[in-house]
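[1] Starting from these lines, generate the structure:
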Amino acid sequence: MTVQTWTTERVAEILRALAEEDELPQHLLKATISDGDTVETLGLDSIGAVALIDRLETEAGVALADDFLDFKDTVADIAARLTAMG
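    Numbers count the residues shown, from 1 in each chain. Next comes the predicted model:
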């Protein structure tokens, strides 16, 4: 098994892709998404969080717990947690 390194840029790309698909708020298409942005400050609601978890599962090839995301998690937290999962 290969260890995947998740970067904040990769997570940001997924957020923008979901916004393009109307799964997340449209402002994410043009927003500067940084390491310290939280799920909450990015404007995700619970439905958006589920959409993000689903996409992360697909991209990472692993099942994630329903509570994988907390609204206080930063983009860097998400990338680090996914990298740690290998």
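
[2] Show me what the biggest helix by length in the chain is packed up against.
    When the chain is parsed with DSSP state H, its longest helix is helix 46-60. Applying 3 or more C-beta pairs under 8 Å, 6 or more residues apart in numbering; DSSP states H and E, one finds that helix 46-60 contacts helix 8-20, helix 75-85. In short, each C-beta sits where N, CA and C put it, glycine included.

[3] Any chance you could list what contacts stretch 46-65?
    For stretch 46-65, contacts defined as C-beta atoms under 8 Å, 6 or more residues apart in numbering pick out 4, 6, 14-15, 17-18, 23-25, 39, 44, 66, 68-69, 71, 78, 82, 85.

[4] chain center to it: distance?
    8 Å (C-alpha atoms, centre = their mean, to the nearest Å).

[5] picking up where we left off before, can I have the longest helix of the chain written out in PDB, keeping just the CAs?
    What follows is helix 46-60, C-alpha atoms only, in PDB (Å, rounded to 0.1, in the frame of the first residue of the first chain):
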ATOM      1  CA  SER A  46     -24.000  19.700   7.600                       C
ATOM      2  CA  ILE A  47     -25.100  18.700   4.000                       C
ATOM      3  CA  GLY A  48     -21.900  20.200   2.600                       C
ATOM      4  CA  ALA A  49     -19.800  18.400   5.200                       C
ATOM      5  CA  VAL A  50     -21.400  15.100   4.200                       C
ATOM      6  CA  ALA A  51     -20.600  15.900   0.500                       C
ATOM      7  CA  LEU A  52     -17.000  16.600   1.400                       C
ATOM      8  CA  ILE A  53     -16.600  13.400   3.500                       C
ATOM      9  CA  ASP A  54     -18.100  11.400   0.600                       C
ATOM     10  CA  ARG A  55     -15.600  12.900  -1.900                       C
ATOM     11  CA  LEU A  56     -12.700  12.500   0.500                       C
ATOM     12  CA  GLU A  57     -13.600   8.800   0.900                       C
ATOM     13  CA  THR A  58     -13.600   8.400  -2.900                       C
ATOM     14  CA  GLU A  59     -10.300  10.200  -3.400                       C
ATOM     15  CA  ALA A  60      -8.600   8.500  -0.500                       C
END
